[in-house]
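>>> curious how this folds, go ahead:
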Amino acid sequence: MTPSEALEKREWTLQEWLEAELEPLFEYEDGRLIPMAAPTKRHQDIVLLTGYELRRFVRANRLGTVAMGVDVVLSPRRGYIPDLTFVRREREAEVLNPQGKVIGVPDLVVEVVSPGGFARDAVRKLRAYQEAGVPWYWLIEGDTLLIQEFQLTPEGYLLRTTADAGEVFRPAALPGFELNLQALLEEDGGDDVE
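Below is the predicted model of the structure:
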């Protein structure tokens, strides 16, 4: 049994997960550790470029905090490490702890879906974010660059905005923010490397 398999077999508490510095990274669901796949270069390019543009917009407009790859505790049963998280300025004291972890519901979560990760990000985590009450969820498909924005409604998540590769994404969650991932990847030179 590998060390990773041993970690996955035992029951964990939320506090143990929060305090552990595990490599590779794990998310937390109902006492179990869920291993996260190592990201590809393309995945990381998308996260970095999206995060840079999002952070620049949020800072310029003094809207709050954008964090990349931090622990987010949605409930005593669930803790995830989304690619990007946004917390509005008026809620920072409520949900950001001194270590920069999000303890509570962020205002926006962004997940970049890598090949093989669709079921986890687009189904399981989408449901968990919905149940926790995350108001906005963006899914970015890493291979096609399709961006989908979901807004929480009383009936559940509603697909609010989409942008295909090459189109400008203008999310309802952040009026005035614009993102053309394909153009940024081409400018950065990251579009030709998988």
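>>> buried residues of stretch 161-172, list them for me.
161, 163, 165, 167, 169, 171 (16 or more other C-beta atoms under 10 Å). Using the backbone N, CA and C atoms, a C-beta is placed for each residue, glycine as well.
>>> with distance to Gln148 and secondary structure added, can I get those in a markdown table?
Below are these laid out as a markdown table (distance: C-beta to C-beta, whole Å; DSSP: H, G, I helix; E, B strand; the rest coil):
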| residue | distance to Gln148 | secondary structure |
| --- | --- | --- |
| Thr161 | 8 | strand |
| Ala163 | 8 | strand |
| Ala165 | 13 | coil |
| Glu167 | 12 | coil |
| Phe169 | 9 | strand |
| Pro171 | 10 | coil |
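>>> how about the residues you listed in CSV, adding distance to His43 and pLDDT?
Output for the buried residues of stretch 161-172, formatted as CSV (distance: C-beta to C-beta, whole Å; pLDDT from 0 to 100):
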residue, distance to His43, pLDDT
Thr161, 22, 97
Ala163, 18, 97
Ala165, 15, 94
Glu167, 20, 96
Phe169, 17, 98
Pro171, 20, 98
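>>> just the strands in this protein please.
26-29, 32-35, 64-68, 72-75, 78-80, 84-88, 102-103, 108-113, 136-141, 147-153, 156-163 (DSSP state E).
>>> what is the second one packed up against?
Counting contacts by 3 or more C-beta pairs under 8 Å, 6 or more residues apart in numbering; DSSP states H and E, strand 32-35 is packed against helix 3-9, strand 26-29.
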